[in-house]
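Chemist: Sequence isn't available, so here's the structure alone:
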């Protein structure tokens, strides 16, 4: 009964480093997406996927890369971390027009 | 581009009061509207989902309404409790890619 699992929960990076935020869901959902949450700005869509092998950009895609090789996994890659990418990142999954399920989040600090 | 606005940004009420949180959206072509709760430092918990063809949904002390034509939704909380203190987020699912667009949230504090 795992739902949406995000790892790691916390991460500190130095400017210029790269890393991958992991997201996995066990509900066989077609749709998966990544959001970032910043104070006073709500959640903003970074990238999304409507199925394995299909990804597209959201509202704030710059500096991030995604791939969807399986239905279950949707990793988010930071290519060269910048202080502006300090944020809380949430992964979500869902099917059609049903409830979107969110992971617990990854809190990232870039120094 | 879909935009979602939540009013008020913050609300403080004494325990036991009934309260209403407001959400408005600019594009009425939505699949559904979802209300979430977020506790400090935590993830999002789905409270209620209203499909575009529905007018309201109820769960316990919570009631959410949807007026798609006017682009508005309200979340009604009856007999508020200190445990209801959290940030409440409204989000609409729209577009061919079924993207969620969030409001900035209403931070609710229920005073004992």
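Modeler: Structure received. A quick note: this is a predicted structure, and the numbers were derived from the prediction, not measured. Residues are numbered from 1 along each chain as shown, chains lettered A, B, ... in the order given.

Chemist: for the strand ranked longest in chain A, which positions count as buried?
Modeler: Longest strand of chain A, by residue count under DSSP state E: strand A:42-51. For strand A:42-51, the neighbour count (16 or more other C-beta atoms under 10 Å in any protein chain shown) marks A:42, A:43, A:44, A:45, A:46, A:47, A:48, A:49, A:50 as buried. The C-beta positions use only the backbone N, C-alpha and C, and glycine is treated the same way.

Chemist: and if you look at stretch A:100-109?
Modeler: Using 16+ other C-beta under 10 Å as the burial criterion, the residues of stretch A:100-109 that qualify are A:100, A:101, A:102, A:103, A:104, A:105, A:106, A:107, A:108.

Chemist: again with stretch B:20-40
Modeler: The neighbour-count criterion (16+ other C-beta under 10 Å) identifies B:21, B:23-25, B:30-38 as the buried residues of stretch B:20-40.

Chemist: which among these are in contact with chain A?
Modeler: Of the residues in the buried residues of stretch B:20-40, proximity to chain A by C-beta under 8 Å from any C-beta of the partner chain holds for B:31, B:32, B:34, B:36.

Chemist: pLDDT added to those residues, as JSON lines?
Modeler: Putting those into JSON lines (pLDDT from 0 to 100) gives the following:
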{"residue": "B:31", "pLDDT": "91"}
{"residue": "B:32", "pLDDT": "93"}
{"residue": "B:34", "pLDDT": "95"}
{"residue": "B:36", "pLDDT": "95"}
